[in-house]
Each structure stands twice: as structure tokens, then as C-alpha cells.
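K.L.:
next one to model:
(2 chains)
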2 protein chains.
Amino acid sequence: MMKGHLIKKGDNPDITKERKTTTFCVNKMAEFIHEGADNVRRRQEILEYVERHPELGDKIPVEFMTREERIDRNAQRAVAMTDHADCIDGSDFFGEGMYYQTLVMGRDFHGMLLHYSMFLQCIQSQCTEEQLDKWLPLTVLRGIIGTYAQTELGHGTNLKKLETTATYDPKTQEFILNSPTISAAKWWPGGLGKTCNYAVVMAQLFINGENKGPHPFIVQLRDLDNHMPLPGVTIGDIGPKLGVNGADNGFLMFKNFRIPRENMLMKHAKVLPNGEYVPPRHSKLGYGTMVFTRSIMIRDQAFMLAAATVIATRYSAIRRQGEIIENEGEVQIMDYQTQQYRIFPQIARAFAFLLAASEIRDMYLNYMEKSQTSSDISLLGELHSLSCGLKAIISFETAQGIEQCRLSCGGHGYSDASGLPQLYTFAVGGCTYEGENIVMLLQVAKILMKTVKGIKDGTAKLASITEYLKRNSDSKSQFRDYRTTSGDVIINDFENIARNQIYSAYERFNDNLKHFTYEEAVNKTGIEMCKGTRLHVKLYLIKNFYSKIIGIKDDDVRKVITDLWKLYAFDMLSHSTGALKYNNYMDDKQIHNIKEGVCYYLNEIRPNAVGIVDSFHMSDRELHSVLGRRDGNVYENLIEWAKQSQLNRSEVLPTFKKYFEPMMKEGRSKI
Amino acid sequence: MMKGHLIKKGDNPDITKERKTTTFCVNKMAEFIHEGADNVRRRQEILEYVERHPELGDKIPVEFMTREERIDRNAQRAVAMTDHADCIDGSDFFGEGMYYQTLVMGRDFHGMLLHYSMFLQCIQSQCTEEQLDKWLPLTVLRGIIGTYAQTELGHGTNLKKLETTATYDPKTQEFILNSPTISAAKWWPGGLGKTCNYAVVMAQLFINGENKGPHPFIVQLRDLDNHMPLPGVTIGDIGPKLGVNGADNGFLMFKNFRIPRENMLMKHAKVLPNGEYVPPRHSKLGYGTMVFTRSIMIRDQAFMLAAATVIATRYSAIRRQGEIIENEGEVQIMDYQTQQYRIFPQIARAFAFLLAASEIRDMYLNYMEKSQTSSDISLLGELHSLSCGLKAIISFETAQGIEQCRLSCGGHGYSDASGLPQLYTFAVGGCTYEGENIVMLLQVAKILMKTVKGIKDGTAKLASITEYLKRNSDSKSQFRDYRTTSGDVIINDFENIARNQIYSAYERFNDNLKHFTYEEAVNKTGIEMCKGTRLHVKLYLIKNFYSKIIGIKDDDVRKVITDLWKLYAFDMLSHSTGALKYNNYMDDKQIHNIKEGVCYYLNEIRPNAVGIVDSFHMSDRELHSVLGRRDGNVYENLIEWAKQSQLNRSEVLPTFKKYFEPMMKEGRSKI
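P.N.:
So this is what the prediction gives:
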């Protein structure tokens, strides 16, 4: 038995059996996943800290609360969490910060989320020195709670068309904020409904009747003493949602609401007291923050997918159903090939996504370091494009993957006890926020089209991510057999299909350009362009994953990661057989072999599956799932969980006296 | 402008514009969808009846209620709904019954659902004459409320392994019910938690220590007067779920609970007073009910997908975002090819599913009629297999399709105001209940393997559904161009790829049979066998849809339905390009043309999209969606909807005084 196993006395024997057959050291795998022994140790320390403090935990699970109770709980928790913030390294938001927040809050947002993730960012990056002096301490010391109000009822991604106006009045040196139409109402900002008393508001700046475009303003919304909305401000909660119902996403309307001139955030553009407008020197300065936010989001998504695989894998180890060999008893459902096919590719995906999140974070930090000493911002465009593409692919495949894990748990997966409904409804929001996925895919596609044009013109300067686009396509694949193939051959196959798709989209796009404007041509090629982006991003994921294998020193861990990578690769290739057969690049025999490869690696992973998901190092607290419990004792704990149901607080509900008793009495009286 | 349009004064001009360009008569299309003018008229009458009766409606939308409030509301509504049952033709459950239930309950289950859908069925089909006399009036007159308790914590599809026992005691002529383990607890039955006082319980029948297998028993669970669980019975609600939280799905455990011998349902098997067991004469008699239940379920799923397309299409008509032609203003998002690609194939799917549901209902009724006069039950096996396959494909694609519609509505799709979260969480349950989808796919696959073996042996008697399997595969597709191709050519292409997949799975299966037992071989071929089933069922869907076009008399309607069918067909083919290129059946040019076909039919459907979804004849009440409102006035009504949020009942929540005020005061005091 290898080190680092999670076996304890009293565990379900089926799950213990799985842990005993694990062929690698779970500790070492956890260190690979969490990028070092220190990080694993810190995860444990933070967990113990949180568990020692009852104010950071729930007496009854959150899923049994009403929306009002959840809002109250999340408010209490947000304050307690920030009270205790010293237990983590605050500079490591990407690592310790996110982990701590998940442990304390669970899978929900809360009223102060945007205070830290957006409002503080705006203060830091958009204030002048004087503004910083005023707003930064108030924000950091939690003297006010802010949010970021950009999206409107009628306006999402197209920032230019926001309708909220900020009209400068030089007489009083104030801006007058207005929501001129219903569709101008701010809508969605987190914490805006009931929690926040301040917001950074994006509004069209009008000076002397001229529109200078959207600019940020810091705006007080509620009275500091009684928290009532200020006159001229209408605020409220936008109502229940598919997920994150512990958060008060809000709406906001202004009617002739005046703020001082100094409340426009003026680090970049300025309005002087006399109304003179000073435009910003650089545009696109916001890209850096967006890259950072998306790299955090990708990592968060990857961990949600990982959590779903832990739950589904452990449950599949203890659930027995159906006989494969007569009279040998019911089998663990993980022994079904179809069950493996549902879950194991999701495990592989979680690895691919986590590794991509780390890579993009490193690229970003590297860029930030260089940008201190140089004015070269060429990498930023590339990073921005990559982060958009990854965000779209990862959020969608995470949601799909969680749902596959949920479905693989049968009826129990539909219960909140599994934790999977909460994971899905939370994660799938990521397909929409921080840039709607199809908009993201099209953005990247446009850049790819430009790149291909540059290659054809001979003007392209290619970074490593797009370098494969300038190579010629091969006429035949070198792939022969899944058992003996090298990773480079697989990557080359993937490069070929990505390149073919992108060039074929380019040809259609170019044809359309002959008859239509640029945007019309983009629209008429939209479907094929999105397909190109998808393959481009998946190629990046597969290459990046592969590049991480070489550095693994432990042989046992490397073997398992290699199996996962191969499953990831063959699974993706098996879903692109049409593309692989384009121009007879592969023949039927090769395709057949790829499909065999998928089954082969499912089988290879089977005995290590529980060990692999144990290595994600997720405590029962973090998982919040009866099905995913470390000890595998699912059934007795499902009953214990259910006993807490709101409806079980009394044996007989009022519905009996009110409705059912009269109905049944009348029914019986007729007999 | 064509007849039957839904234009009214005050509507959003964008949606009126769409209705004005519709090229067909919406009334006639509605008659096609709902199978006749009478049915459309009845839908309207039932709607008006329901709207006239306030006890059948909500004062505040259900999504603003707590779970307890929803349970109360659903109890009231279940009683009121059945009080008013005379307003519908009770014999037409498939049509009027389901529609009425949806109008009154919305998208949720309720405590009395299984009383009608399962308990009553059991009474009718499994009772002796004497038992009927006793139980049928009580059930029909609502003197008791029953449910059907089969699934256990540890046992789903494998009925044979249920653990609940019913041990016959000849001394007292009673059965003693026990839940010998925790995993034996009944789990999931609808209404079991709090509503029902009776259940048909499936339990292993033990006589003299011998297990006779699972049998049905009618069991009183609660006291008729005070509704308390009877001694020896433990019951409760199983807790919150992804959806249907207005229903009290329950758990149930027995401890030496005695029921009279007469409470075993003895139409088929019997236990005589002395303990003698009389086995049933036929097995598999339950198939008929399962076919009927699944045909209802398929229809229900199809209408849920249809509802999602109504919402997404109407919203896409009024939502404007982004400019395609400069300075011409933001465009309706339905003008984006990528948006069309998300929604329109779902519209086509909804048609395919609805038509399949009608067909299988007719086949079932036809069979039932014949079975009165003949003992030929050969069609039943075929019907059963088809209904399993359709259930699996339709429930999964419905869920996926609703989610695509939801995502296509951007941020507003995530809000409960859209109605789409409720649709998704309700519909996706269908992937699991009434037979878990993968189990269903494998069941059908086993039958297909048997069919292929029969063809090879020359012993197969093929019904029309599988007849294509005995034809030889063509070497080349006859398909040339999407504009001129006949439907038969497309169907022939689809037959080829389905047949290829099924035969290739058969070959692997047969190879595995040389080394393994039957069940092992099935398991080792599971993935490929499921793929075979999927193509087989999709082929049925595409053929059945096509067969309905010929009967349409109205030219304009037929044109639009044909466009939808072609979109459906080309969309499916474009997702099977690998299969189409197998053995060089198609070349790259043909594949390219298929993809062009998808874009072409998206474009054809675009001007009629709103008209098509209007033809589903779904009222605002049925849709329950702010985004999908007939009048298109979405934004003002989103605000009106949000004002009802629980959190908006006061301007300032208690969270301010309790948590945020102290925190902010302290923060400000440090400055």
C-alpha cells in the first residue's frame, strides 16, 4: 500500500479496497496537482483553522435554508471570513484566497465578493493619487462596501451602448446621473441589491451635450447610518436564479442623482472643473485585469469539475448494481465501461484545465514583471486572446462534465445531498459572466483570421501558441497504435485538424468578404469560425498538459498522469473523427485504433481512479457531498442528511388539516 | 399578414415586425402540431377555464416561495385541480390531462401525482375482483392518497435485488414487512414523504424461508384521522433536489409491520391462506404500462423543449446587441448565425420529438385494441424497445436543448424570471427516472445485437423499425446538394451510418463473446453498443418526422415543416461526419455541402422563427417566463417581476444592523 492513502477504520470496505490497490503515492500526486508540498500543507492548515472556528461554519447545511436565511448566513460569513483573513497569505489570492473562500462560503457568491474582486481593483487601477488617498483606506478597512455596476438590463457585452448617463454640470462641478430608459437600469452586479452602499458605476460621460463614451464613477448609493437608498437612487434585488441565491445581485436606477466632479475615477481620462475633457493616453489598459480575473475563474472552474469527479468516482466505488458474472453478487458500478466513459474523461479534463490555469497565471505574472521595466505589451494581446478562448471552452466543458458526473450518480445525483446540483448551477454561470462564451469564441476567431491573413501576407509575427498555423498540413497521419504512439504524433494530428478547420473557416470568411462588410462576413462564417477557435484552444490544452508530464520525477505518478493525458487526447480525437478523415488524413483503421485507445485507457485508469481523485486533496467540508464522503458510508448519511429537511421538522404538515383531510373524508363518505 | 398571428397593440415593435413577415398561417401550423382544430380549441377552453378560477392560480409566482410555501401551494393546488377535473376529458390524459396539469401546477410535481400515475394504475392492473371492489372506489374518490414505493436507497433499476421483505405468517395470515438494512429504505417515491397515507410497496415475498421474488403489497402508512405514521413505519421527506421541490419525495422503513394477507395484490401471483404460493401465468405483463408512461413522458419532454424554444426565440427577437452594419443600430440577436445555430435546431428537435410521441401513442393504442381480440403480443417487445430508446435520446437532448436555449439568453437566461432554470431542472430529471438513460440504451442495444444475430442466422422476423438492418450497405452516398436532394437520399444516408455502427458494435461484441460471458461481453462493448442505439433511435426520429410531411395539405405550412425537417437532418448529419466518411461513403465535398445546408436552412427559418414558435400555442401562463412573453415587453416586466423578490419586502435587511454596520463603523473609525 502506498503512502498518503486516506484509509481509516470504519470506512466502507469497497472504498478501502480501491485505496489499497492504488499504484502510486497519493501525497506525491497531490503535490503535483497543488504545485508543491508547501501548498498541500497550507491547504491542510487553512482547513484546520477554518474548522476550529465555528463562526466560519454552518450548524445546518445551507441547502436547507430559505433564501432569506441564506442571505443572512452569507452576510455573517462574509464579515467573519474577512475578520479572519490573516489566516491566509492575502497576496496569494489565486491559491490560498480562493481556497479559503470556498471553505468558508461553500459554492455560492456573497454580498462582498465584488467589493474585493472588482471594486477594490477599480480603486487601485483607476484612481488618481488624491482619489487613492480618500478611497483606498475606506475600501481596505471595510468602512464602505462597494460593487461594480456596468451591465444594464438591455446591455451586456457591448459596452459602447450603455445607456446610463453622467452629465457634467460645470456650475456646481457635479455629474448628474440618470437612467434615461428602463433598459438603462443596472442589472446583475453582485451585492448591489441589499449589501453595498457604494458602487463604481459605468456611465456615458456627457459634456456640453457631447458623448465622450463610458467612464467609471464612484457613487454612494445608501445612507451610511441607516442604509436607506439615497434620494434619486432606486435599488433592489433582481430575484432568484438558477444558482448563487445567497448573493443579492441587484438593480439600480438613477434619477437626477448628483455626485461631485471628484467622483469620476480620473487616473486615465479626466474632466477639469471648467468641463474640459482630457482623454486617456492608452486604451485597452483593462486587458491585464481581465486576464487575471479569467485565470482565477478558469482555476475555480477546474476545481469544481475536479470536485464533481471526486464525488462521482467515490460513489461509483461503493454503489453496487447489476450482476456481470452470475452469482458473484452485484458489481461496483465503476466496473461498467459506460460508467468509466462518463467519469474518467472528466478527471482527465480537470487535470488539463488546472494545468492551463497555472500556465496562464504564470504567463500573466511574467508579463506583469516584464511590463515594469519595458513598455512591450505585445504579449498582452496574445494572453488576452488565450484567456478568452480558455474561459469559453473550460466553463462550458466544466458544466457539461459536472452534469455527466451528476447523471452518472443516478437518482441520488439529483438530490442536493450529492452536492452536484449546487456545483452545476454555480459552475454553469461561468458560461455567461465575464464574457458570454460565443462572444468570446468569435473574438478569438477574429484574431485567428487576422493571424492567417498575416501568414498569407508574410506579415505575421507568431507567438508560440499560433506558430503551428504557418506550417503546412501533412497529407497522412503518422499515428499507428495507441500502445506505442508518441505524444508528439498525437499533438501533430491535433495541430493538423485545428489548422485545417481554421484555414477552411478563413477561406469561407474571405469569400464572404468579397461581397459583404467585415462584420457581416464574420457573422456569415460564425459557426465555422467558432469551430476553429474550439480546436485551437483544445490544441493548447492538450499541448500544455503534455508539456507538464516531462517534469514529473516520480515514476508512478508520471505513469498515471500519462495515462490521463492519453485518455484526454484519444477521447478528444475520437470526437473529431470527421476532421481526422478530412482529405484522407487518417484511414478507418487508424480511427478504429483511436476508439480502442479510449477503452484501453479507461481500463488502465480504473484501478487508480479513487486514488487519483483522493489526490485532489479535497476534504469532506470542501466537497460538501454525502455521495462523495471520504469514508464511503453513503447510505446511512443520506438518511441523516434528509432528517434535516425543512419538511421533517414535524411529522404532520399543516397541509393535512387544510387540504387533504377534508378531501379524503368527503371521498370516504361517498362509499 | 397571415391568419392566426398574435399581434396586439402595445407589443414590442420588434416582435410585431417578426409576426408580420411570417409566411404561413399560425393557426394552421398549430393545428398540425396539436393534431387538429378541435384540440387547439380545447386548449383555449381549458386555459380560459383555469384562468377563470383563482384557486387554480398563484398570487405570487412560485419561484418566490420557500420550500414549505411551495409544498403548501402544491397541496392546495392538487386538491383544487382534482376538484375541477370535470373541465377536461379525463379519458384523454395524454392530451387534455397533461395540459391541464401543466397549466395548474406549473413545472413541478406534487404529492398526488403518483396517486394517479402509479397507485391507481397498480390498483387497476394488479387487483383481483374483490380487491378492486375494496380499493378502486377509495382511490378514485380520493378517500386515501397512495404512492408507489419500489426504489430503495441502494437499489434502482435492478428490481431483483430489492431488500424490503414481506414474510408470510400463516398463523395470523399476515405479511410482516421489514427493512432489514439501511440500504433497504424506500427512497424517492413522490408524495411518500408527507402527503400519502397508503402505498403499493414492492417487497421480496418470503414464504417458509423461501424467496419468491418481488411482489406488490398495498400498505397503509399513516393514521386516517391524525395522519401520524403508524407504529413500525418510519417516513420522511428526502430533502431538497435540483428541481421539483414542491414535491415531497419520501423515504420509508418498516420494522415488523404487519398487514393482512389480502393486501398482497393478487391478480397475477397469489398466496393462499395456508401459505401456498401460486405463481403468475405471464411474466412481462408490465410492459404495456411502461410503454404508455414513456409515451406520455416523451410528449411532456418535447413540450418542455418547445417551451424553451418559444422563450429563446421571442427574446432573441427583441434583444438587440452589437452592430453588424455600422451606424444602423444594434441588431436583433436572432440575426447572428451563431444564435440561430443554438436555437433553431432545438425547434426542429421539438417537432421531431412531438411527432414521435404521437406515433408511439398511436402504436400503443393500436396494440391495446388488437390485444383485446388476439393474444399476439409480438408488437409489444418492439414497442417496448422503441419506447426505451426514445426515452433515453429525447430526455437527454431535451435537457441539452433547453440548456442551449437558456445559454442563448445570456445573463437573463440564468434568472428564474426567464423560466428556463425551472424548465431545465425539471426536464433533466427525465434522464434518470423511468429507467436511467444508459441502462435504457444498453437494453435496446442488446435487442439490436440479437436482431443482427437473427439476420445473420436467417432467423430474424423484422418489424418495420429494424427492417433497414438487413439491407446491404451502399458503397457511396447518392447525396449531392442540399438544395435539390430528396428526403429518401438523406434517410438512406442515415440508415447507412446507423447500420454500420450497429454491425461494427456487433462484430466487437461477437469477438468478446468468444472470450467472455454474455454480460461481460456486453460490458466490454458498452460504449460502441450505446452509439449504435443512439443512431438507431435518431434514424427512427428522422424517418418518422419525414413521414408526417406528406400528409400536410397547406402548402405554406408544408414548406416550413420541410425546412425544419431538413435542418434537423443536416444538423444531425453534420455531427456524424466521421461516420459518413467511414469506408469513403461520402467525400469531403459532400460533407462540405451538408455543413452549407445547415447554414442555408438556418437562414430559411429565420424570418419564420417567431411564427413557428407562436404555433406551439403556448399561453403566457403556460410559459411562465418574462423573456418569453407574447408581447415582447421584457425589460419593464423584468423589473416588475424582481420587485416581488423576497428580499425586496424591505429596503434594509436585518443583515445591516447585525453584521455590516458594526463592521463598517469599525473600519471608518480607523481612518
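K.L.:
switch to C-alpha atoms for all contacts and neighbour counts from now on
P.N.:
Noted.
K.L.:
if you skip the residues just before and after it, what's nearest to residue A:230?
P.N.:
In space, and not counting its chain neighbours, residue A:230 is closest to residue A:222: 5.2 Å by C-alpha to C-alpha, 6 or more residues apart in numbering or on different chains.
K.L.:
so how far is residue A:33 from the one you found?
P.N.:
Separation of residue A:222 from residue A:33 (C-alpha to C-alpha, to the nearest Å): 44 Å.
K.L.:
before we move on, what about residue A:130?
P.N.:
In this view, residue A:130 and residue A:33 are 44 Å apart by C-alpha to C-alpha.
K.L.:
the two: which has the busier surroundings?
P.N.:
More neighbours surround residue A:33 than the other of residue A:130 and residue A:33, with 18 against 11 (other C-alpha atoms under 10 Å in any protein chain shown).
K.L.:
tell me how chain A divides into domains.
P.N.:
With automatic domain parsing as the criterion, the domains of chain A are listed as A:147-280, A:284-435.
K.L.:
how far does the first one stretch from one end to the other?
P.N.:
End-to-end span of domain A:147-280 (C-alpha to C-alpha): 24 Å.
K.L.:
tell me how far residue A:542 lies from chain B.
P.N.:
Using C-alpha to the nearest C-alpha, to the nearest Å, residue A:542 is found at 21 Å from chain B.
K.L.:
shouldn't that residue be within a helix?
P.N.:
Yes: the assignment for residue A:542 (DSSP: H, G, I helix; E, B strand; the rest coil) places it in a helix.
K.L.:
got a list of what it touches?
P.N.:
For residue A:542, the contact set (C-alpha atoms under 8 Å, 6 or more residues apart in numbering or on different chains) comprises A:352, A:491, A:565, A:568, A:569.
K.L.:
circling back: need the contact list for the residue nearest to residue A:230.
P.N.:
Residue A:222 touches A:196, A:197, A:198, A:228, A:229, A:230, counting by C-alpha under 8 Å, 6+ apart.
K.L.:
surely the third one touches residue A:147?
P.N.:
Read it as residue A:198. Yes: with contacts counted by C-alpha atoms under 8 Å, residue A:198 reaches residue A:147, the gap being 6.5 Å.
K.L.:
comparing the two, which shows the higher neighbour count?
P.N.:
More neighbours surround residue A:147 than the other of residue A:198 and residue A:147, with 29 against 23 (other C-alpha under 10 Å).
K.L.:
tell me which other helices or strands whatever helix or strand the more buried one lives in touches.
P.N.:
Under the criterion of DSSP states H and E, residue A:147 resides in strand A:146-149. Strand A:146-149 is packed against helix A:113-114, strand A:198-207, with contacts defined by 3 or more C-alpha pairs under 8 Å, 6 or more residues apart in numbering or on different chains; DSSP states H and E.
K.L.:
which of these sits most buried?
P.N.:
strand A:198-207 (a mean of 24; mean count of other C-alpha atoms under 10 Å in any protein chain shown).
K.L.:
show me how far the helix or strand just after it is from its chain's centre.
P.N.:
Using DSSP H and E, the helix or strand that directly follows strand A:198-207 along the chain is strand A:210-220. Here strand A:210-220 is found 29 Å from its chain centre; the criterion is C-alpha atoms, centre = their mean, to the nearest Å.
K.L.:
likewise stretch A:354-365?
P.N.:
That offset, for stretch A:354-365, works out to 14 Å (C-alpha atoms, centre = their mean).
K.L.:
that one - what's its average pLDDT?
P.N.:
Averaged across stretch A:354-365, pLDDT comes to 92.
K.L.:
with stretch A:120-129 instead?
P.N.:
94.
K.L.:
for residue B:181, which of the helices and strands packed on strand A:146-149 is the nearest?
P.N.:
helix A:113-114 (45.3 Å; C-alpha to C-alpha).
K.L.:
which residue does the stretch 351-500 of chain A have closest to chain B?
P.N.:
Chain B sits closest to residue A:415 of the stretch 351-500 of chain A, with a gap of 4.3 Å, by C-alpha to the nearest C-alpha.
K.L.:
next, the contact list for that residue, please.
P.N.:
With contact taken as C-alpha under 8 Å, 6+ apart, residue A:415 is in contact with A:421, B:239, B:240, B:241, B:242.
K.L.:
now for those: which two are most distant?
P.N.:
Farthest pair in those, by C-alpha to C-alpha: A:421 and B:239, 12.9 Å.
K.L.:
which of the two has more neighbours?
P.N.:
Set residue A:421 next to residue B:239 and count neighbours by other C-alpha under 10 Å: residue B:239 wins out with 29 against 23.
K.L.:
who's in contact with the more buried one?
P.N.:
So residue B:239 contacts A:64, A:415-417, A:641-647, B:248-249 (C-alpha under 8 Å, 6+ apart).
K.L.:
ok, those residues vs residue A:26, which is closest?
P.N.:
Looking across the contacts of residue B:239 and measuring by C-alpha to C-alpha, the closest to residue A:26 is residue A:417, at 26.6 Å.
K.L.:
hmm, residue A:638 and that closest one touching each other?
P.N.:
Yes: Residue A:417 lies in contact with residue A:638 (C-alpha under 8 Å); the separation is 6.9 Å.
K.L.:
and the contacts of stretch A:554-565?
P.N.:
The contact list for stretch A:554-565, computed with C-alpha under 8 Å, 6+ apart, reads A:23-25, A:28-29, A:345, A:347-348, A:352, A:542, A:545-546, A:549, A:552, A:601, A:604-605.
K.L.:
report the buried members of these.
P.N.:
Buried members of these, scored by 16 or more other C-alpha atoms under 10 Å in any protein chain shown, are A:23-25, A:28-29, A:345, A:347-348, A:352, A:542, A:545-546, A:601, A:605.
K.L.:
want to throw those into TSV with distance to residue B:83 and secondary structure?
P.N.:
As requested, those are arranged in TSV below (distance: C-alpha to C-alpha, whole Å; DSSP: H, G, I helix; E, B strand; the rest coil):
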residue	distance to residue B:83	secondary structure
A:23	64	coil
A:24	64	coil
A:25	65	coil
A:28	65	helix
A:29	62	helix
A:345	51	helix
A:347	52	helix
A:348	54	helix
A:352	57	helix
A:542	61	helix
A:545	62	helix
A:546	65	helix
A:601	58	helix
A:605	57	helix
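K.L.:
which one of these sits closest to residue A:72?
P.N.:
Of the buried ones among the contacts of stretch A:554-565, the one sitting nearest to residue A:72 (C-alpha to C-alpha) turns out to be residue A:347, at 35.3 Å.
K.L.:
how about that closest one, what does it touch?
P.N.:
A:305, A:306, A:309, A:564, A:613.
K.L.:
returning to that earlier point: how distant is the strand holding residue A:147 from the center of its chain?
P.N.:
So, by C-alpha atoms, centre = their mean, the centroid of strand A:146-149 is 20 Å from its chain's centroid.
K.L.:
which residues are contacting that strand?
P.N.:
A:112, A:114-115, A:118-120, A:139, A:186-187, A:189-192, A:196-202.
K.L.:
likewise stretch A:267-280?
P.N.:
A:125-128, A:168-170, A:173, A:207, A:261, A:264, A:281-282.
K.L.:
do that again at 10 Å, thanks
P.N.:
A:123-132, A:168-174, A:205-208, A:212, A:215-216, A:261-262, A:264-266, A:281-283, A:285 (C-alpha atoms under 10 Å, 6 or more residues apart in numbering or on different chains).
K.L.:
between the two ends of that stretch, how far is it?
P.N.:
With C-alpha to C-alpha, one end of stretch A:267-280 sits 8 Å from the other.
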